[in-house]
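J.: Make a model of this:
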Amino acid sequence: MGEVSRTQIGRIASGLKVSRDVFARAYDDVAFAYGGDEFKVVAQIANAAKPLPAGADRDRRDFRAAMVAANESDWLADFIFEKFADLAAASHVAIRPELQSIAQRKQRFQDAAVISSGSLAAMRRGCMVLSRTTLRDGTIEDTPLGSGFLIGPHLILTNYHVVRSFLNPDGTPLKDGPQPAVAFDIHHGPRRIVEPRSYRVMTDGIGWLLGKSMSLPEDQAESQAALLQHLDYAILRLDGRPGDARGWYDLARVPDLPDFDTPMQVWQFPRGQPMKSVTNNRARPPDALAFPDAGGGQNHARVYYFANALDGSSGGLVLRDSMEPVALHDAGFHPEAPAGARVNRGVPLRRIADDALTMINQDIESMPRRVGWHVRRNLPILGRHQLQDMISRAALGPVRILTVLTRPDAQMRRLSRIGRSYTREILESCLPPDRHHVVVIEASLIDPDPFLTASRIVSAIDPERVAGLPGASGETTLDADAAGLLLDRTVDALKEAAPGKVVWLMIDDIDAHEIGTQWPSSSFLVSLYLRVAREPRLRVVLVGLPKRLDALMGLGSAVLMEEDLQAAPAPADLRDWLEAHLTKGMPPDEFAPRLSVMLNSLAGHAAGNTVTPSAPTPTADGHGVIEALNELLSVHALGAFRSRRGSAGGIEGGST
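T.: Next up is the predicted model:
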């Protein structure tokens with residue numbers, strides 16, 4: 001809008017015919033966001049400089065002073081765009097020509113960035129709810145049922161009636177038959193770059209249905225009280241965490257419903273088609289349901305709108321004009337309904353939050369913490385989500401021993417380049433250093449002699465404590481007394497390594513350095529593991545076990561957890577990491593500029609210039625950044641962006 005002259009401000013202030021309270025509320029809303037003074041403070045300063053009696057002249061003077069202050073702080077334009085639709089509706093016609101673009105009270109300005117980011121969020125967080133059947137030959141058959149959207153990293157909100165076929169009459173899940181599933185990224189039909197991502201529901205002890213409110217029975221008359229008791233929602237727990245990368249809608253931060261006759265959007269999968277969005281105005285309730293409500297329907301059990309919907313739209317995401325979520329699409333009018341009742345409706349999310357927010361937050365808080373960076377070393381952490389979850393459980397609960405299995409291949413060769421070496425980085429990233437201490441010993445230091453093995457473990461903790469260990473007996477086996485004393489001293493050293501902290505002993509690269517099962521030290525280590533299982537402040541992480549340790553199998557999953565590591569992080573893990581930790585929340589128009597910086601930096605590195613990658617310094621063979629950038633684009637980037645599959649290294653099907 002640019003800076004507004006004092007003359008213009010004076011004309012606007014003179015034309016306003018609103019009460020001081022109305023102006024003050026509107027002004028203070030915006031002033032608070034910008035850290036400005038409240039209207040009463042500005043008015044007091046103006047009146048101290050030139051006292052005026054209460055009345056229209058003082059109001060106009062104070063309105064002008066407040067807008068001058070906003071103009072000087074560079075937020076008058078935002079105040080006008082956000083609030084003058086309301087203020088101008090009660091203003092004198094004299095100011096209308098100057099405010100012609102905002103004279104319609106129900107039409108509000110929206111930032112283009114808000115619309116763009118809000119639409120992308122809806123596309124990524126909305127999902128199709130499916131009925132999944134596993135056929136006899138093992139193939140999966142999915143049938144579309146309705147719509148839903150993320151309200152937690154692993155939680156989906158949809159309608160109760162969408163998943164009713166999976167439930168008993170009392171609302172408990174059926175044990176047999178098809179199960180619910182969800183699919184994301186169904187936007188434009190089949191695509192080879194962004195294929196739909198599906199998730200089955202959780203099958204752990206809690207089950208997949210976190211919370212619910214049943215639908216209104218068909219034989220029961222609709223009333224405000226009846227609808228409030230039947231909110232028609234179901235909260236599904238997924239076996240996966242798509243919300244880590246996609247984000248989710250927080251039901252604790254749901255805004256007010258929009259005014260009547262203002263736009264609302266329904267994001268949905270009508271009749272199982274790719275995602276659609278329909279926009280139309282908020283409607284008043286049908287005559288038969290015109291419940292009295294002085295608050296503009298904010299407390300109604302349903303919100304009504306003229307946006308179209310079909311079968312499959314149930315559970316759709318309803319946004320207000322600010323692209324914020326306000327309702328769960330619930331139902332539509334009957335085809336034979338009279339014209340006055342032909343509206344669709346949703347369940348206000350605030351009503352669902354009133355019923356289920358505490359339960360939702362508790363379930364989210366119980367989820368293991370996920371990390372994407374080793375902050376102290378600035379290293380990315382890709383994949384290995386199972387290990388991250390195991391570490392979180394061991395940090396908080398009774399789990400004491402973690403094992404990372406790296407089974408050999410069919411020729412009994414050790415698998416290489418599968419990411420086992422990052423186990424330490426993941427361990428350190430998941431554990432706050434103020435409460436945890438990690439001790440790492442390489443398996444190459446494990447000796448057949450248990451006394452030497454114990455001394456090396458203790459030395460890794462505190463070299464000065466080695467002197468406190470019992471001396472070697474010179475025997476090939478340990479007697480009970482010597483074994484017990486050696487174990488006690490080793491455990492004491494671990495417990496005292498970091499007072500007040502949980503101490504983690506990690507033995508690394510076991511599959512690269514055989515620990516003989518007949519070694520006396522092998523028996524000592526097993527005894528150490530079993531002892532750790534009883535110590536609240538000790539943990540053991542065994543990395544690279546070629547097979548399970550039979551001696552530990554009796555501990556059970558409450559104490560022992562394992563990761564079966566067979567391959568390096570896949571491209572899907574990289575995509576999840578990029579979305580969750582590198583580009584999450586980033587406006588789309590920033591992608592290309594940031595990508596250009598990354599490509600230029602890579603080209604500079606390829607040209608041998610690691611200090612200032614963008615400088616055109618030629619390499620020994622005469623190649624500079626420009627040549628390296630051309631090669632990078634032609635070999636890798638062109639293939640990734642121009643091929644049909646989006647794969648680097650070549651163009652499939654030619655270029656355009």
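
J.: contacting residues for Ala606?
T.: Ala606 is in contact with Ala628, Glu631, Leu632, counting by C-beta atoms under 8 Å, 6 or more residues apart in numbering. C-beta here means a position set from N, CA and C on the backbone, and glycine is covered the same way.

J.: quick one: pLDDT of it?
T.: Ala606 is assigned a pLDDT of 71 by the prediction.

J.: Number of residues surrounding Ala570?
T.: Neighbourhood size, Ala570 [other C-beta atoms under 10 Å]: 11.

J.: quick one on the thing from earlier: which among the contacts of Ala606 count as buried?
T.: Ala628, Leu632 (16 or more other C-beta atoms under 10 Å).

J.: which one among the contacts of Ala606 gets closest to Thr203?
T.: Leu632 (45.2 Å; C-beta to C-beta).

J.: What helix or strand is the closest one located in?
T.: According to DSSP states H and E, Leu632 maps onto helix 625-632.

J.: Confirm for me that Met275 is in contact with Ala183.
T.: No: contact criterion C-beta atoms under 8 Å: Met275 and Ala183 do not qualify, at 10.5 Å.

J.: These two: who's more crowded?
T.: More crowded of Met275 and Ala183, by other C-beta under 10 Å: Met275, with 21 against 18.

J.: what sits against the more buried one?
T.: Per C-beta under 8 Å, 6+ apart, neighbours of Met275: Met123, Gly126, Met128, Ile186, His187, Trp267, Gln268, Phe269.

J.: what pLDDT does the fourth one get?
T.: It refers to Ile186. At Ile186, pLDDT is 90.

J.: Can I take it that it is in a strand?
T.: No: Ile186: not assigned to a strand; according to DSSP: H, G, I helix; E, B strand; the rest coil it is coil.

J.: ok, now how distant is it from Arg124?
T.: Distance, Ile186 to Arg124, by C-beta to C-beta, to the nearest Å: 11 Å.

J.: the more surrounded of these two?
T.: Per other C-beta under 10 Å, whichever of Ile186 and Arg124 has more neighbours is Ile186, with 23 against 20.

J.: Was I right to think the more buried one contacts Pro270?
T.: No: when contacts are counted by C-beta under 8 Å, Ile186 is not listed as touching Pro270 (12.0 Å).

J.: so what's in contact with Met275 and Ala183 at the same time?
T.: Common neighbours of Met275 and Ala183 (criterion: C-beta under 8 Å, 6+ apart): Met128.

J.: What separation is there between the closest residue in space to Val375 that isn't next to it in sequence and Arg384?
T.: With sequence-adjacent residues excluded and distances taken as C-beta to C-beta, 6 or more residues apart in numbering, Val375 is closest to Ser429, at 7.1 Å. Separation of Ser429 from Arg384 (C-beta to C-beta) stands at 10 Å.

J.: what's the domain layout of the protein?
T.: Partitioning the chain according to automatic domain parsing yields domains covering residues 6-109, 120-245, 252-351, 373-564, 587-642.

J.: Can you tell me which of the ones you listed is nearest to Leu578?
T.: Among those, the nearest to Leu578 by C-beta to C-beta is domain 120-245 (8.3 Å).

J.: need the strands for the stretch 501-650 of the chain, in chain order.
T.: Secondary structure of the stretch 501-650 of the chain (DSSP state E, counting those that start in this stretch): strands at 502-508, 538-545, 560-564.
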